[in-house]
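S.K.: Starting from these lines, generate the structure:
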Amino acid sequence: MQRIPRALRRFSSLGNAQRVDYCLDHELHHQAALLRGSLPLHHQGPRHPLQSASKLSLRFEVRRLESARNDWAFIWTHGLTSSVDSEDEGGWPFSGIASLSSLLPVVRYDARGHGESDENDQCTWMAMGSDLCKLHQKMFPNGRMILGGTSMGAAASLYAALEAPEKVGALVLATPPTAWATRQKFVPLYQESLELAEKHGLETAKAVAETKARPPIFLQTESGRACFEIGWRAKFAMGQRRYCAALRGAIQSDLPSPEEIQRLEIPTLILAWKSDAQHPLESAQILHDLLPRAQLCVAESWAEIEEFPARISHFLNNLL
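M.R.: Here you go, the predicted model:
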């Protein structure tokens, strides 16, 4: 049996984890201990009386440097139709989140129905918020969590914070999605993408997406322009059924109500950029106004987007 690195011995209590591999990745991650595996959260109820219940497992990774604290964990959730691998490849500009492992353990995972996690027909943001709470309870039962995510991941983090506010020490909400009245105007575009994928397949859905305008900030650099193709590789890897289930979840979802959000007396960093129809600056500004302890950072260029992990690090350093 492979010896578990000292920095990860406290994670060995994950007795329920399945297909877990322990390893050290010295060169790429500055000697950060790395734990990867698949963690069962709970049983899904049967969809038909003749069907049996099945387990929902999430593929995860934990990174931690020796200098990291033991009493906190940072849990990061990717955006709609993305995954940990897609973010690492550059499908969304948040692969630098892993570098925060010098401060505290960094947990990244594939949301239900995404990446290498189990398929699921209930991909609502509220359900993903509950998944976050269960993930934390199983992995760090005695510690507090800082939750962060982009777009769909930001929404899931808000729902988790409302479900277990006593466990959440801070929030990092990157590129919040459309919400409330704005979201109702945007839902038909999700519906159009869903119908294209269901009737004609992902190739057609991608071809139509290529004709639509992209946020200007993504067109400033080669890295930004590459996000479209990398993101669609993640969608094709999901397959038609999982992709459509994720879109249905997005159609059925919205942010928590403004009244609920106002109750969150939690330090919050909001990260945004301009001219993005799916992630309007308006959403970030409204959240900034609603959350009692929020600060807002708006990127004006791709270079400033690439500074987001450093801004998160500064935010966390002031908290821990």
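S.K.: Please, where are all the strands along this structure?
M.R.: With DSSP state E as the definition, the chain shows strands at residue ranges 18-25, 32-44, 54-64, 72-77, 106-109, 144-150, 168-174, 268-273, 294-299.
S.K.: List the contacts of Met145.
M.R.: Contact analysis of Met145 by CB atoms under 8 Å, 6 or more residues apart in numbering lists 72-75, 136, 167-169. C-beta: built from backbone N, CA, C; applies to glycine.
S.K.: Now which of the residues you listed would you call buried?
M.R.: 72-75, 136, 167-169 (16 or more other CB atoms under 10 Å).
S.K.: For those, work out which two are farthest apart.
M.R.: Considering CB to CB, no two members of the buried ones among the contacts of Met145 lie farther apart than Phe74 and Lys167, which are separated by 13.1 Å.
S.K.: wait, Asn317 sits on Leu104?
M.R.: No - with contact defined as CB atoms under 8 Å, Asn317 does not count as touching Leu104 (10.4 Å).
S.K.: And these two? Which one has more around it.
M.R.: For Asn317 against Leu104, the residue with the higher neighbour count under other CB atoms under 10 Å is Leu104, and the figures read 24 against 9.
S.K.: so the more buried one makes contact with Trp76?
M.R.: No - no contact is recorded between Leu104 and Trp76 when judged using CB under 8 Å, the distance being 11.6 Å.
S.K.: just to revisit the earlier point, reformat the strands of the chain as JSON lines; add distance to Gln252 and mean pLDDT.
M.R.: Formatted as JSON lines, these follow (distance: least, CB to CB, whole Å; pLDDT from 0 to 100):
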{"stretch": "strand 18-25", "distance to Gln252": "29", "mean pLDDT": "35"}
{"stretch": "strand 32-44", "distance to Gln252": "17", "mean pLDDT": "80"}
{"stretch": "strand 54-64", "distance to Gln252": "18", "mean pLDDT": "90"}
{"stretch": "strand 72-77", "distance to Gln252": "18", "mean pLDDT": "96"}
{"stretch": "strand 106-109", "distance to Gln252": "21", "mean pLDDT": "96"}
{"stretch": "strand 144-150", "distance to Gln252": "18", "mean pLDDT": "96"}
{"stretch": "strand 168-174", "distance to Gln252": "21", "mean pLDDT": "97"}
{"stretch": "strand 268-273", "distance to Gln252": "24", "mean pLDDT": "98"}
{"stretch": "strand 294-299", "distance to Gln252": "26", "mean pLDDT": "98"}
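S.K.: Asp88: which of the ones you listed is closest?
M.R.: Taking CB to CB as the criterion, strand 106-109 is the member of these that comes nearest to Asp88, at 9.0 Å.
S.K.: if we can go back for a sec, dump the strands of the chain into CSV; add distance to Gly249 as well.
M.R.: Putting the strands of the chain into CSV (distance: least, CB to CB, whole Å) gives the following:
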stretch, distance to Gly249
strand 18-25, 24
strand 32-44, 14
strand 54-64, 14
strand 72-77, 13
strand 106-109, 16
strand 144-150, 15
strand 168-174, 19
strand 268-273, 23
strand 294-299, 26
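S.K.: closest one to Val187 among these?
M.R.: Using CB to CB as the measure, strand 144-150 is the one of the strands of the chain that comes nearest Val187, at 19.8 Å.
S.K.: With just CA atoms, put that closest one into PDB.
M.R.: As requested, C-alpha coordinates have been extracted for strand 144-150 and formatted as PDB (Å, rounded to 0.1, in the frame of the first residue of the first chain):
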ATOM      1  CA  ARG A 144     -15.200  25.700   9.100                       C
ATOM      2  CA  MET A 145     -15.500  26.200   5.400                       C
ATOM      3  CA  ILE A 146     -14.900  29.100   3.100                       C
ATOM      4  CA  LEU A 147     -17.000  28.700   0.000                       C
ATOM      5  CA  GLY A 148     -16.200  30.000  -3.500                       C
ATOM      6  CA  GLY A 149     -17.400  29.400  -7.000                       C
ATOM      7  CA  THR A 150     -18.000  30.900 -10.400                       C
END
